[in-house]
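K.L.:
One predicted model, sequence on top.
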Amino acid sequence: GAVVSQHPSRVICKSGTSVKIECRSLDFQATTMFWYRQFPKKSLMLMATSNEGSKATYEQGVEKDKFLINHASLTLSTLTVTSAHPEDSSFYICSARDRASGLQETQYFGPGTRLLVL
Amino acid sequence: GEDVEQSLFLSVREGDSSVINCTYTDSSSTYLYWYKQEPGAGLQLLTYIFSNMDMKQDQRLTVLLNKKDKHLSLRIADTQTGDSAIYFCAESGGASGGYNKLIFGAGTRLAVHP
């Protein structure tokens, strides 16, 4: 149980285009999902917290107009990188919290999406 | 702000024990976690410990928490080549982030050699 998927796993796009990344909880409902960015040989940095049916909460320094987050259902959150630039190239990882779990503090992570902007 | 620090690299011989260390600064952290990341993959939760515990054992994994020193360790007994990965220490429930925010260390790369 507690499987989180991401799609696509890898994407290459041209500078200036937009890219959408999907995060799905496959066997549980997630009222809260999280989007992280991981730089090479670095830690994960939380970008935003996505709440089903409401606006995402962005961390300081993360441009909300650049990284659009939509949490349309209890099993799906999307991250859209708008007008992508080479500096947006990174590994993006989502996580989800199981609403039914008594252990609210546990986040289940997706396999990540590697974005390369040319 | 909060900070979580780990040594970046550890090399062990197959069959030996591995000990990965982590220190954190937020004394109000409630949960501390160990995650494993294999190449090109997401994070897998290995184990966690609540801050009022000193030790937790789960098969080959032993977590030790010294709350006074804000030091967390992960011991892997009988380390195997399949244990080669990056291990992340993380905390939550601290003063600024609360339960929503996981604060990660930079990760320790464990290399297991024959």
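P.N.:
Cool, the structure landed. Since this is a predicted model, take the numbers as computed values, not measurements.

K.L.:
and chain A, which of its residues are near chain B?
P.N.:
Residues of chain A lying close to chain B (CB under 8 Å from any CB of the partner chain) are A:4, A:6, A:32, A:34, A:41-44, A:46, A:49, A:93, A:95, A:104-112, A:114. (Glycine included, C-beta is placed from N, CA and C.)

K.L.:
Pull out the buried residues from the residues you listed.
P.N.:
Buried subset of the residues of chain A next to chain B (neighbour count, 16 or more other CB atoms under 10 Å in any protein chain shown): A:4, A:6, A:32, A:34, A:43-44, A:46, A:49, A:93, A:95, A:105-112.

K.L.:
Cross the residues you listed against strands and list the overlap.
P.N.:
Counting by DSSP state E, these place A:4, A:6, A:32, A:34, A:44, A:46, A:49, A:93, A:95, A:107, A:108, A:109 in strands.

K.L.:
got JSON lines for those, with pLDDT too?
P.N.:
Listed next are those as JSON lines, based on pLDDT from 0 to 100:
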{"residue": "A:4", "pLDDT": "92"}
{"residue": "A:6", "pLDDT": "96"}
{"residue": "A:32", "pLDDT": "88"}
{"residue": "A:34", "pLDDT": "93"}
{"residue": "A:44", "pLDDT": "87"}
{"residue": "A:46", "pLDDT": "91"}
{"residue": "A:49", "pLDDT": "92"}
{"residue": "A:93", "pLDDT": "94"}
{"residue": "A:95", "pLDDT": "93"}
{"residue": "A:107", "pLDDT": "81"}
{"residue": "A:108", "pLDDT": "87"}
{"residue": "A:109", "pLDDT": "91"}
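
K.L.:
For residue B:71, state which of those is nearest.
P.N.:
Of all these, the one with the least separation from residue B:71 (CB to CB) is residue A:44, at 21.3 Å.

K.L.:
Next up, the contacts around the closest one.
P.N.:
By CB atoms under 8 Å, 6 or more residues apart in numbering or on different chains, the residues touching residue A:44 are A:36, A:37, A:38, A:93, B:43, B:88, B:102, B:104.

K.L.:
Tell me how many other residues surround residue A:39.
P.N.:
11 (other CB atoms under 10 Å in any protein chain shown).

K.L.:
Please apply the same query to residue B:66.
P.N.:
By other CB under 10 Å, neighbour count at residue B:66 equals 11.

K.L.:
how close does it get to residue A:78?
P.N.:
Applying CB to CB, to the nearest Å, the value for residue B:66 to residue A:78 is 41 Å.

K.L.:
repeat for residue A:36
P.N.:
For residue A:36, the distance to residue A:78 - CB to CB - is 15 Å.

K.L.:
who's more crowded, these two?
P.N.:
When residue A:36 and residue A:78 are compared for neighbours, residue A:36 comes out ahead with 25 against 19, by other CB under 10 Å.

K.L.:
The more buried one touches residue A:47, doesn't it?
P.N.:
Yes. Taking contacts as CB atoms under 8 Å, residue A:36 lies within contact range of residue A:47: 6.3 Å.
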